[in-house]
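Asker: Here is a sequence together with a model predicted from it:
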Amino acid sequence: MKTKRLAEYLDHIRQAAIDAEAFVEGMSKSDFLADRRTQQAVVMSIIIVGEAATKVLERHGDFAKHHPEIAWHNMRGMRNRIAHGYFDINLDIVWNTVQSAFPLLIARLQQIHVHDKGNDHPASQT
């Protein structure tokens, strides 16, 4: 079921973003920059977001094109930068992603509804 997988990828993105937000909840940026464990957890969440975004782009390209409000390519790009340059991660960008981009991403994903009947085309919830 193609649509079932699409819904799973979207849920992986949403859940990983929610997890990243929860990991830094109540922390200041300086607390985050001093806490390697939290950094690792947030970075892993970003990788999950990027992996799932890559699957959407590769396997559900029409869906991604229909939803340009979601930064599919940016999510994939950030995952690639982290995975291939792990020792050069810019933690300021990681922090800003969780604080600014993820709340917007979560809100946008919550407005997307994927039909259950094998239809790969989305409908927006109203």
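Answerer: Done, it's in.

Asker: Give me the three-state assignment for His113.
Answerer: At His113 the chain is in strand, as set by DSSP: H, G, I helix; E, B strand; the rest coil.

Asker: what number of residues lie near it?
Answerer: By other C-beta atoms under 10 Å, the residues close to His113 number 13. Bear in mind the C-beta positions are built from the backbone N, C-alpha and C, glycine included.

Asker: Let the chain start at 108 from now.
Answerer: Got it, the first residue is 108 from now on, which makes the last one we talked about His220.

Asker: I'd like the distance between the spatially most central residue of the chain and Ala141.
Answerer: Central residue of the chain (C-alpha atoms, centre = their mean): Val156, 3.3 Å from the mean position. Applying C-beta to C-beta, to the nearest Å, the value for Val156 to Ala141 is 24 Å.

Asker: Over to Met151?
Answerer: 18 Å.

Asker: Between the two, which is the more surrounded one?
Answerer: Using other C-beta under 10 Å, the more surrounded residue of Met151 and Ala141 is Met151, with 15 against 11.

Asker: Just the buried residues of the one helix or strand that one maps to, please?
Answerer: Using DSSP states H and E, the element containing Met151 is helix 143-166. By neighbour count on 16 or more other C-beta atoms under 10 Å, the buried set for helix 143-166 is 145-146, 148-150, 152-164.

Asker: Stretch 121-135 too?
Answerer: If you call a residue buried by 16+ other C-beta under 10 Å, then stretch 121-135 has these buried ones: Arg121, Gln122, Ala123, Ala124, Ile125, Asp126, Ala127, Glu128, Phe130, Val131.

Asker: so what does the helix or strand containing Leu211 touch, helix or strand wise?
Answerer: If you go by DSSP H and E, Leu211 is part of helix 209-217. Judged by 3 or more C-beta pairs under 8 Å, 6 or more residues apart in numbering; DSSP states H and E, helix 209-217 is in contact with helix 109-131.
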